[in-house]
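Engineer: Sequence plus predicted model, see below.
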Amino acid sequence: MASDIRLSKRLSYWLRHKPDDGNLTVDPAGWVDVDEVLAALERIGVPGGRRAVEDVVAESDKNRFELSGDGKLIRARQGHTIPVSLNWPVTEPPEILFHGTVERFVASIFSQGLKPMGRHHVHLSSDVGTARTVGARRGKPIVLRVLAGRLSAQGQEFRISGNGVWLTDHVAPAYITLD
Ligand code: HQG
């Protein structure tokens, strides 16, 4: 595995799911001291230091991470399972959003709706291609269409993360169709 992918996966793991594993302290908005991250990386022998971390933040294919303005703090932009409140702005969604999944989850999704599962939100995208890629992580992708405009008109909140992922709490079955 290329070292940048290894580093990106390690950062995702620590910043979203298991900060304790790296001895990291996460503030309520998900920020972690970059120096703590560098010390943790050194402990497990991941090379490259600050420069490698800055490169991953700049080059991560989905802009998963961000640095604070002064470069002292880092956080993942979404996808956490630890309790953080990122406060992305509530935003009017487009009429249709997409969700990528796989066949084995479809029956359950059409009976229970889309649920956040381990994460804080259901993740949706504004384009089919992204949804297909998300689904393809688990097998042959199935793309679902979500009637986001109608849900929003009924008062359900949608937020958009800094890297363009649409987030919402739940999507009831009546608002989901196969693409
Ligand atoms: C499914 C990655 C059964 C859902 C991606 C999904 C994304 C249900 C899985 C981001 C269900 C949860 C998030 C229900 C939902 N019954 N299965 N009622 N409701 N599911 O990984 O959306 O690379 O937590 O379809 O690219 O796959 O990490 O969510 O298959 O943007 O930055 O339960 O993670 O981004 O899986 O992926 P996940 P996701 P990063």
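Structural biologist: Perfect, I can see it now. Numbering: from 1, shown residues only.

Engineer: The residue positioned nearest the centre of the chain and Ala107: what is the separation?
Structural biologist: Central residue of the chain (CA atoms, centre = their mean): Gly79, 3.0 Å from the mean position. Gly79 is 25 Å from Ala107, where distance means CB to CB, to the nearest Å. Where C-beta positions appear, they are placed from N, C-alpha and C, glycine not excepted.

Engineer: go on, Leu11?
Structural biologist: Distance from Leu11 to Ala107, by CB to CB: 35 Å.

Engineer: mean confidence for stretch 141-160?
Structural biologist: Average pLDDT, stretch 141-160: 98.

Engineer: For that stretch, C-alpha coordinates in CSV please.
Structural biologist: The C-alpha coordinates for stretch 141-160 follow below in CSV (Å, rounded to 0.1, in the frame of the first residue of the first chain):
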residue,chain,number,x,y,z
PRO,A,141,-22.9,-1.1,-6.3
ILE,A,142,-26.6,-0.3,-6.1
VAL,A,143,-27.6,3.4,-6.3
LEU,A,144,-30.6,4.6,-4.5
ARG,A,145,-32.4,7.9,-5.1
VAL,A,146,-33.5,10.0,-2.2
LEU,A,147,-36.3,12.5,-2.4
ALA,A,148,-34.3,15.1,-0.5
GLY,A,149,-36.3,18.1,-1.6
ARG,A,150,-39.5,16.6,-0.3
LEU,A,151,-38.0,15.6,3.0
SER,A,152,-36.5,19.1,3.4
ALA,A,153,-39.9,20.6,2.6
GLN,A,154,-41.3,18.6,5.5
GLY,A,155,-38.7,20.1,7.9
GLN,A,156,-36.0,17.5,7.9
GLU,A,157,-32.5,19.0,8.1
PHE,A,158,-29.8,18.4,5.6
ARG,A,159,-26.2,19.5,6.2
ILE,A,160,-23.4,19.7,3.7
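
Engineer: now it, how far from the chain's geometric center?
Structural biologist: Relative to the centre of its chain, stretch 141-160 is centred 17 Å away, using CA atoms, centre = their mean, to the nearest Å.
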